[in-house]
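[1] The sequence and its predicted three-dimensional model are supplied below.
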Amino acid sequence: MGNTSRVDSRVGIGYDSHRFGPGDALILGGVRIPAVQALVGHSDADAICHAVTDALLGAAALGDIGALFPDTDPANKGRDSIAMLGAAVQRARDAGWIPGNVDITVICEEPKIGPHRNAIRARLAAAIGLDVDAVSVKGKTNEGMGWIGRNEGIAVIAVASVTRR
Ligand code: MG
């Protein structure tokens, strides 16, 4: 077998979820979105950034966000997730992997993602070092089903590609 794993591009997948709690805004992809609830979590609960971070780390086979930024470390409490994403990108670059594109699906009943799509794309593109047209953000509802349908929280799935430097 030998060198068969040495390919020039890879993909990774990331998933994250956070529950809603009291508040008047949430942060998704580094963008503050006014809402009737907030997302709660150890960090700023930015589920888009967390899913994208895991997708990039996964593509580079560098572990996951929990290993890089343990929630047992007080330094990570309330931490800016855009900064964590940037650190993961740097970790991937250090390992010889350059991000190629990311594609994100946000699943929630509220808020609507469409009006914030381009702001999120721009913020993520800057954080990752991509052109905006290499960052895709899509919003879906869960058709009223299950915990997402009951508006208990939000889920995000992301994929990312990387190419060898
Ligand atoms: Mg998270």
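    It's in. Just so it is clear, the structure is predicted and the values come from calculations on it, not from any experiment.
[2] If we ignore the residues flanking it in sequence, what's nearest the residue of the chain found nearest the ion?
    Of all residues in the chain, His50 sits closest to the ion, at 3.6 Å by Cβ to the ion. Yep, even glycine has a C-beta here, placed from its N, CA and C like the rest. The shortest distance from His50 to any non-neighbouring residue, by Cβ to Cβ, 6 or more residues apart in numbering, is to Asp16 (3.9 Å).
[3] you'd agree the one you found is up against Asp54?
    Yes: the criterion here is Cβ atoms under 8 Å, and Asp16 meets it with Asp54 at 6.9 Å.
[4] can you give me the helices for the chain?
    Using DSSP state H, the helices of the chain run over residues 47-59, 65-68, 81-94, 117-128, 146-149.
[5] Report the backbone C-alpha coordinates of the fourth one in CSV.
    What that stands for is helix 117-128. In CSV, the C-alpha atoms belonging to helix 117-128 read as follows (Å, rounded to 0.1, in the frame of the first residue of the first chain):
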residue,chain,number,x,y,z
ARG,A,117,-26.0,34.9,4.7
ASN,A,118,-23.6,37.3,3.0
ALA,A,119,-22.4,38.9,6.2
ILE,A,120,-21.6,35.4,7.5
ARG,A,121,-19.9,34.4,4.3
ALA,A,122,-17.7,37.6,4.4
ARG,A,123,-16.7,37.1,8.0
LEU,A,124,-15.8,33.4,7.6
ALA,A,125,-13.9,34.1,4.3
ALA,A,126,-11.8,36.7,6.1
ALA,A,127,-11.2,34.4,9.1
ILE,A,128,-10.2,31.4,7.0
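[6] and His18, what is it in contact with?
    Shown in contact with His18 (Cβ atoms under 8 Å, 6 or more residues apart in numbering): Leu39, Val40, Gly41, Ala45, Ala47, Gly153, Ile154.
[7] got a pLDDT number for the closest residue to the third one other than its chain neighbours?
    On the basis of Cβ to Cβ, 6+ apart, the spatially nearest residue to Gly41 that is not a chain neighbour turns out to be His18, at 4.9 Å. Turning to His18, the model gives it a pLDDT of 97.
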